[in-house]
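Undergrad: Have a look; sequence and predicted model below, questions after that.
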Amino acid sequence: MNIEEIKMNEERIALELKNITKIFPGVKALSNVSLKMREGEVHALMGENGAGKSTLIRILSGVHAQDEGTVSVFGEQVHFNNPREAFFKGINVVHQERNLVPTFSVAENILLEKISEKAISLIDREKIFQEAQEFMNMVGLDISPRQRVENLSAGQKQMIEIAKALSSRAKIILLDEPTASLSLKEADALLAIIRQLKKQGVSFLYVSHKLEEVFQIADMVTVLRDGQNAGPEKTIKELDRSKLIEMMVGRTQNIKKLEIRNLRKEAVLEVNDLSSKKSPMKNSFKLYKGEILGWYGLVGAGRTELAKALIGAEASIAGEVLLNGKMVKIRSVAEAIKKARMVYVTENRQEEGLFLSHSITRNVAASMWKKICNRFFMLDLEEEKKVAEYYKQKLEIRTPSIEQLVANLSGGNKQKVCIAKGLSVKPEILIFDEPTVGIDIKTKSEIHDLISNLAYEGISIIVISSDMPEIVQLVDRILVFKNGQICGELQNCKDYDPMSRNIMDHIFSKI
Amino acid sequence: MSTLTKAPSKNKMLLENIKRSSNFSVGGVIILLMVILWVMKPDFFSQANFNVIAKIVSITALVGLSQMIILAGGGMNVSVGAIGGLVGIVTGGMMDVLGFPVVIAIVVGLATGMLCGVINGLIIAKSGSSGVSSFLTTLATASVFTGLNLGITKATPFYNLPETFKYIGSGSILSIPILLWVMLIVIVIFGMGFKYTSLGRQILAVGGNVKAAELSGILVGRITVISHLLSGLVAGIAAVLLVARLGSAQPDVGSDWMLFSFAAPLIGGTRLAGGKINATGTVLGAIVLVLISNGMVHLNIDVYWMNLIQGLIILAAVAIDRIRTINAERMGVRKSEY
């Protein structure tokens, strides 16, 4: 870079966020977040899960609107009502999940926006192939533009996404975990292309959990923590690994400290080399009586998939499960409940946890209908009501009546209904998947109390969580997941600083 | 209904709830239609006319119930009519050609209906129990069942049915047609079944949210098979009653059921998306449909326009379903302010 270029970069601010605040019902996702990105800069956006990165990206790409604060693109204040408006301001997002049409050709995917711009127009296929080739050259994609996308590798698909962004003359590209599904070689190629495009004045907001990559590619770093800026932006040269981790993790105050327990005596559950289609790596672990076992990992580390293989929601293809030392075969969730008294409380309440159009009573009782009917198959409605009422009291579900439809409850109360449904079968093993995600602080601590009480009653619990403070505060032992595999086991000392560092070290270690 | 008992002003809420219920509005429509028909045809309220209408309503309501069972579980069954046709022919053929006693003919006929349902259910369960797979599967099996029907009969009806069998279609008990008794009993059994049995709840849970049902330990595949078995059974009952009423087993029994089967439950408040039913409403929906077609006959509307009008009725039913869903969502927003 020559001096002139540097000067120009300093002068032109590509993107500026000032005091962005975003409130979701019950949760303040972002609070006064500011960020400044110069033209031709790679700006890393760092932070733990739930720190607010995704929300920020959604605001920038027009999916959500901020409640307070301003967004400026090249000095012009903008407000996006939908993703299309952001797109026409030159902001383009390359998402974690792919947004390609698998049955279309490479060229059609790259120029999709252009093709769909006019509803009625003849498409000159040859011209499209030519035009697409131009962008493919820019990202170094060496395949035929006629090829169908579904047969390509993850890396090639990623490059198509970037070519697509370039085709819209995007000046600002948001990369959300761009290398998550790429091989090392593909990732290197991607970084090389970013460096090249940077010289042509394209600016990148780069979200990644891979620290090595960030140190390789980023010029500036903004760290978010609990929805706020964790200190002023830094140039990458001011930082090293441990400083960056410290900024991300921070220090959390006022955490109620639970006693440290070592319960490795009586193994309730022993899992050996379990794998399924969606969780192809073989994983083994033990769960002890009355313990809370934490499964920490980044989003997508394969924890939910392993849990689903365990409870029989996904068919396992290999491995064995021992319950109190005896082999059991679990082929469906019904069997998990019946044979192992094992219940899974999903992270995805709306989509796979609840019957939104049904009452609280019916939701709570959904797993126990088979048990509370007499020999004429008639349900004991009094019992059903009694159970629902009992859990309404016990979990403090805030509702005027147990006949209320679940759709009308707040997020925290919905989660309590989900938990009540799990508890209704009197489980001995409970798996909580992200039990407090998207839940307000008060309910969160209520759920934490509930989980530790259940453990004291002798129920063995697995807590899947991407929330570091939650893991350190709540659990007795931690399994760290990375790329679908358990990569470490730690006894929790419940001291936040050393523990969180230790966990992060496991995740960021190269092997 | 404990919402009512805990609400501040009991009577007002009760009134509100009645007003809001779909049975109330559909009942209003029925009264309106009756008044119109009475004006057009002063002997509308005669016993003879009542019997005619009651019999048609009975069969239409059962056809609607057969579909309602599947809608409850979030699916669709477009083979209701084809199953009915096959059951009618099997029952009629057993008596006419093979000379079996009435009871055995009926039992075998109904068993055929259940078998058809089980076939539907098994294929759908294997392909993931989704709404789309149920639609396509039953579309295909409908053709298979109809093909069997026409292949066996060469499209000729069975006329020689025993008088005892025909009596089912013509007789009355306490001056109420037997057909209506049968329909009421079946509706009550299924209405109660959905409310008070584990099976009914599980079907509704699958219709409300398949994934949640599975994660709650409900065996979704098994429930799909059972609900199709029941749907086939009810379609079979409707077919047997229709054959008894007509006095002959026509191969085209059921060929015009498909639209009615959706319209009756949808008008009555069963949700197209699944998870919510109204058995009484299905009967009310059937009454609306029958009164409308009865009215069209009195107005001397050409038979050829019937298709058009039936299509419009279905579209209206779908629109009503949408409006109800949207209203329910709006109400949800209001209620959540608690």
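TA: Ah, there it is. Numbers count the residues shown, from 1 in each chain, chains lettered A, B, ... in the order given.
Undergrad: So, low pLDDT: which residues of the stretch 51-200 of chain B?
TA: Low-confidence segments of the stretch 51-200 of chain B (pLDDT under 70): B:129, B:131.
Undergrad: distance of B:Val108 from chain A?
TA: Going from B:Val108 to chain A by Cβ to the nearest Cβ, to the nearest Å gives 26 Å. C-beta here means a position set from N, CA and C on the backbone, and glycine is covered the same way.
Undergrad: List the contacts of whatever residue of the stretch 101-250 of chain A ends up closest to chain B.
TA: Nearest residue of the stretch 101-250 of chain A to chain B: A:Thr103, at 17.7 Å (Cβ to the nearest Cβ). Contacts of A:Thr103 were listed using Cβ atoms under 8 Å, 6 or more residues apart in numbering or on different chains, and they are A:148-150.
Undergrad: Could you rank the residues you listed by neighbour count and give me the top one?
TA: Neighbour tally across these (other Cβ atoms under 10 Å in any protein chain shown): the maximum, 20 neighbours, falls on A:Val149.
Undergrad: quick one, phi psi at that residue?
TA: A:Val149 adopts backbone torsions of phi -70, psi -30, taken as degrees, to the nearest 10.
Undergrad: and A:Ala307, what pLDDT?
TA: Per-residue confidence (pLDDT) for A:Ala307: 92.
Undergrad: Could you check how many residues crowd around the residue in the stretch 401-511 of chain A that chain B sits nearest to?
TA: Using Cβ to the nearest Cβ, the single residue of the stretch 401-511 of chain A nearest to chain B is A:Asn408, 4.4 Å away. By other Cβ under 10 Å, 21 other residues sit near A:Asn408.
Undergrad: To which secondary structure element type does the residue of the stretch 101-250 of chain A closest to chain B belong?
TA: Classification of A:Thr103 using DSSP: H, G, I helix; E, B strand; the rest coil returns coil.
Undergrad: Could you measure from it over to B:Tyr159?
TA: 55 Å (Cβ to Cβ, to the nearest Å).
Undergrad: And for A:Arg148?
TA: Distance, A:Arg148 to B:Tyr159, using Cβ to Cβ: 60 Å.
Undergrad: re the thing from before, mind putting the contacts of A:Thr103 in JSON lines, distance to A:Ser424 and pLDDT included?
TA: Output for those, formatted as JSON lines (distance: Cβ to Cβ, whole Å; pLDDT from 0 to 100):
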{"residue": "A:Arg148", "distance to A:Ser424": "48", "pLDDT": "86"}
{"residue": "A:Val149", "distance to A:Ser424": "46", "pLDDT": "84"}
{"residue": "A:Glu150", "distance to A:Ser424": "43", "pLDDT": "80"}
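Undergrad: How about A:Lys282: what's its closest non-neighbour residue?
TA: In this structure, A:Lys282 finds its nearest non-sequential neighbour in A:Asp273, 4.1 Å apart by Cβ to Cβ, 6 or more residues apart in numbering or on different chains.
Undergrad: got the contact list for that neighbour?
TA: For A:Asp273, the contact set (Cβ under 8 Å, 6+ apart) comprises A:282-284, A:318-320.
Undergrad: out of those residues, which is most surrounded?
TA: A:Asn283 (22 neighbours).
Undergrad: Tell me if I'm right that it and A:Asn272 touch.
TA: No: shown here, A:Asn283 and A:Asn272 do not form a contact pair, counting by Cβ atoms under 8 Å, at 9.0 Å.
Undergrad: re the thing from before, make sure the residue nearest to A:Lys282 is indeed in a strand.
TA: Yes: counting by three-state DSSP, A:Asp273 is located in a strand.
Undergrad: so B:Leu199 makes contact with B:Gly193?
TA: Yes: with contact defined as Cβ under 8 Å, B:Leu199 and B:Gly193 form a contacting pair (6.9 Å).
Undergrad: Summarise which helices and strands the host helix or strand of A:Gln415 is packed against.
TA: Assigned by DSSP states H and E, A:Gln415 belongs to helix A:411-423. Contacts defined by 3 or more Cβ pairs under 8 Å, 6 or more residues apart in numbering or on different chains; DSSP states H and E place helix A:411-423 against strand A:342-345, helix A:360-365, helix A:381-394, strand A:429-433, helix A:441-456.
Undergrad: Number of residues surrounding A:Pro145?
TA: Neighbourhood size, A:Pro145 [other Cβ under 10 Å]: 23.
Undergrad: what's near enough to touch it?
TA: Here A:Pro145 is in contact with A:105-107, A:110, A:128-129, A:132-133, A:136 (criterion: Cβ under 8 Å, 6+ apart).
Undergrad: how does it look with 6 Å?
TA: By Cβ atoms under 6 Å, 6 or more residues apart in numbering or on different chains, the contact list for A:Pro145 reads A:106-107, A:129, A:132-133.
Undergrad: Dump the residues you listed into CSV; add distance to chain B and secondary structure as well.
TA: Output for the contacts of A:Pro145, formatted as CSV (distance: Cβ to the nearest Cβ, whole Å; DSSP: H, G, I helix; E, B strand; the rest coil):
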residue, distance to chain B, secondary structure
A:Val106, 29, helix
A:Ala107, 31, helix
A:Phe129, 34, helix
A:Ala132, 33, helix
A:Gln133, 38, helix
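Undergrad: could the residues you listed be laid out in a markdown table, adding pLDDT, distance to B:Leu315 and neighbour count?
TA: Shown next, in a markdown table, are these (pLDDT from 0 to 100; distance: Cβ to Cβ, whole Å; neighbours: other Cβ atoms under 10 Å in any protein chain shown):
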| residue | pLDDT | distance to B:Leu315 | neighbour count |
| --- | --- | --- | --- |
| A:Val106 | 88 | 42 | 27 |
| A:Ala107 | 88 | 41 | 28 |
| A:Phe129 | 86 | 44 | 18 |
| A:Ala132 | 87 | 43 | 25 |
| A:Gln133 | 89 | 48 | 17 |
